[in-house]
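Chemist: got a sequence here, can you model it:
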Amino acid sequence: MVDLTKHFKQGVAEVKSSAILNFAKYTSQYPDIVKFTVGEPDFNTPDHIKTAAIKGIVDNHSHYALSKGTPGLRKAVADFLARHYDMHYEPSEIIATNGATEAIYTVMSAIINPGDVMVLPTPIFPLYIADAALEKAEVVQIDTSQTSFKLTPDQLQAAVDEYGDRLRILVMNYPTNPTGVMYSQEELDALAAVIKDRPTFVLCDEIYSELNYEQEHASMAKSLRSQAIVLNGVSKSWAMTGYRIGIMAAPQEITDQLAKVHQFITTTEPTPMQDAAEEAFKNGDRDAREMKAAFKERRDYLYQALTETGFEVVKPQGAFYIWAKIPAGLNQKDTEFVYELADQAHVGVCAGSWFAKGGQGWLRFSYATALDEIKEGVSRIKKFVEENKNDGK
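Modeler: As a prediction, the model looks like this:
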């Protein structure tokens with residue numbers, strides 16, 4: 001019998017199952033586990049958004065929508081981007097996707113040829129690396145752990161000098177998962193200047209754009225619109241992860257090419273879910289502000305509590321993650337530490353190594369969970385640290 005597992009696309013062998021999801025499954029064996037793992041808001045979707053989805057069903061919006069998305073949703077997105085961020089796109093330059101996840105895959109599969117180079121600052125969410133591997137790209141990770149977890153123009157210039165016109169995609173995620181770091185517009189302008197007029201796309205993953213605590217949202221698309229593809233969606237800002245609606249925005253000539261790939265990946269997104277997303281983008285400003293206020297309160301508490309417990313903590317400027325270094329005297333192998341913490345304290349956190357170069361010895365805490373749960377988790381962590389200090393390996 002032929003072993004067909006040997007005949008998959010080459011890149012499939014390089015893709016590993018998600019360490020984050022595997023660990024979340026492992027921790028579920030403990031009924032009282034306090035989870036700081038998965039980045040999913042614990043809020044319910046606002047009622048007026050749910051009503052829009054229900055109305056779509058009642059009104060028989062049960063047929064295929066246009067592949068690029070309903071006209072109402074794409075106009076709502078265009079208005080939202082202009083109103084919130086002074087970013088201007090025509091509805092025809094916007095595509096509704098099956099979450100930001102599909103958008104990332106569509107971009108990779110549309111743009112990358114085997115041997116092309118994708119550059120990304122790390123630590124970073126590992127999804128981009130897996131998608132690029134499937135397209136046989138050369139993935140270049142730039143470790144930013146020594147530059148305040150931000151990509152610098154000098155680092156980017158070094159990549160340009162080394163890879164030249166093979167550098168096809170620069171991935172920029174901000175606010176950043178896992179560190180919560182945000183770039184200023186001036187910093188993004190300086191990065192844009194390095195690759196301006198080069199054959200390089202910029203994938204601007206801005207899914208956390210509404211969750212900025214210290215400054216206005218900045219975007220590399222404002223620095224370099226002609227080369228930028230902006231990703232966003234409703235999952236994080238309106239607690240709609242299950243609705244699976246993301247968006248892509250880019251200049252018309254780029255959107256037209258992406259749309260051809262998108263239509264063969266998903267055809268279109270569920271129409272009632274697009275109705276709900278339209279309502280979020282049109283009338284959900286207050287919802288996002290209220291959630292952000294709650295996240296900020298949680299951030300401030302967790303930052304202070306972990307600092308007092310001996311962690312070196314990067315204070316996040318956005319998103320809902322805290323990036324913390326394992327205290328001295330404890331097991332510094334982060335991929336072992338997280339299992340020890342889960343088994344002994346029943347607390348789940350993510351190992352920094354799961355977020356590529358620069359993550360070794362660090363941990364990611366998601367504070368997208370209730371404040372009372374966070375307080376309970378902190379109490380258990382403090383006890384764990386006291387009992388295990390000086391057992392560093």
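
Chemist: please identify which helix or strand holds the nearest residue to Gln155 once chain neighbours are set aside.
Modeler: In this structure, Gln155 finds its nearest non-sequential neighbour in Ile142, 5.2 Å apart by C-beta to C-beta, 6 or more residues apart in numbering. (C-beta placed from N, C-alpha, C; glycine too.) Using DSSP states H and E, Ile142 sits in strand 138-143.

Chemist: that strand packs against which elements?
Modeler: strand 117-122, helix 127-134, helix 153-163 (3 or more C-beta pairs under 8 Å, 6 or more residues apart in numbering; DSSP states H and E).

Chemist: what separates the last one from the chain centre, distance-wise?
Modeler: It stands for helix 153-163. Its chain's average C-alpha position is 24 Å from that of helix 153-163, according to C-alpha atoms, centre = their mean, to the nearest Å.

Chemist: next: the second one.
Modeler: Centre-to-centre, helix 127-134 and its host chain are 14 Å apart (C-alpha atoms, centre = their mean).

Chemist: then the shortest one?
Modeler: Between the mean C-alpha point of strand 117-122 and the mean C-alpha point of its chain there is a distance of 15 Å (C-alpha atoms, centre = their mean).

Chemist: now it: average pLDDT?
Modeler: Here strand 117-122 scores 98 as its mean pLDDT.

Chemist: same question for the longest one.
Modeler: The average of the pLDDT scores along helix 153-163 is 98.

Chemist: now stretch 289-304
Modeler: Here the average pLDDT along stretch 289-304 is 97.

Chemist: redo the helices and strands packed on strand 138-143 as JSON lines? Include distance to Thr271.
Modeler: Shown next, in JSON lines, are the helices and strands packed on strand 138-143 (distance: least, C-beta to C-beta, whole Å):
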{"stretch": "strand 117-122", "distance to Thr271": "33"}
{"stretch": "helix 127-134", "distance to Thr271": "26"}
{"stretch": "helix 153-163", "distance to Thr271": "41"}
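
Chemist: one step back: let's see the strand holding Ile142 as PDB, backbone CA atoms only.
Modeler: What follows is strand 138-143, C-alpha atoms only, in PDB (Å, rounded to 0.1, in the frame of the first residue of the first chain):
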ATOM      1  CA  GLU A 138      12.500  31.800   3.200                       C
ATOM      2  CA  VAL A 139      11.500  33.100   6.600                       C
ATOM      3  CA  VAL A 140      13.800  35.700   8.100                       C
ATOM      4  CA  GLN A 141      13.200  36.300  11.800                       C
ATOM      5  CA  ILE A 142      14.700  39.600  13.200                       C
ATOM      6  CA  ASP A 143      15.100  39.200  17.000                       C
END
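
Chemist: contacting residues for the residue nearest to Gln155?
Modeler: 119-122, 151, 155-156, 159, 357 (C-beta atoms under 8 Å, 6 or more residues apart in numbering).

Chemist: who wins on neighbours among the residues you listed?
Modeler: Counting neighbours by other C-beta atoms under 10 Å, Pro121 leads the contacts of Ile142 with 28 neighbours.
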